[in-house]
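> Give me a model of this one.
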Amino acid sequence: QVQLVESGGGLVQAGGSLRLSCAASGRTFSNSAMGWFRQAPGREREFVAAISWGGGSTYYTDSVKGRFTISRDNAKNTVYLQMNSLKPEDTAVYYCAFKIGGAIMTPYYDYWGQGTQVTVSS
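Numbers count the residues shown, from 1 in each chain. Below you'll find the model as predicted:
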């Protein structure tokens, strides 16, 4: 079992920044990939970013490229999502996800966090 706890969400004005954190616990944090997804009201959950275990491979959805950065600290079992130049359309609940094996951009992850709300005002 893996437990994921997100933090760092909140209310920010357009153009501002937030950094989300996701702390993982419960199993050896190796040979795993981590991802961030988001879900806005009335919309399906969508992929945002993912990172391989070593951090050498990262993936982003087109709408956040150049604005968001995913990173991880395996010593702390934590993955981060630095979000800059935020836009109102980034407003959503952001979910952290964990899977064994390589990073993917589809929602076939093994474990999910409870989510953290990000609201960007115009």
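
> Once you drop chain neighbours, what's closest to the residue nearest the centre of the chain?
Taking Cα atoms, centre = their mean, the centroid of the chain lies closest to Trp36, which sits 2.5 Å from it. Distances taken as Cβ to Cβ, 6 or more residues apart in numbering put Val48 closest to Trp36, at 4.3 Å, once the chain neighbours are dropped. C-beta: built from backbone N, CA, C; applies to glycine.

> How about Val118?
Gly9 (4.8 Å).

> neighbours around the one you found, how many?
By other Cβ atoms under 10 Å, 18 other residues sit near Gly9.

> Also Ala33?
The burial count for Ala33: 22, using other Cβ under 10 Å.

> do the same with Gly54
10.

> Going by residue numbers, what spans are helices in this protein?
For the chain, helices defined by DSSP state H do not occur.

> ok, now how distant is Ala92 from Gln39?
Distance, Ala92 to Gln39, by Cβ to Cβ, to the nearest Å: 6 Å.
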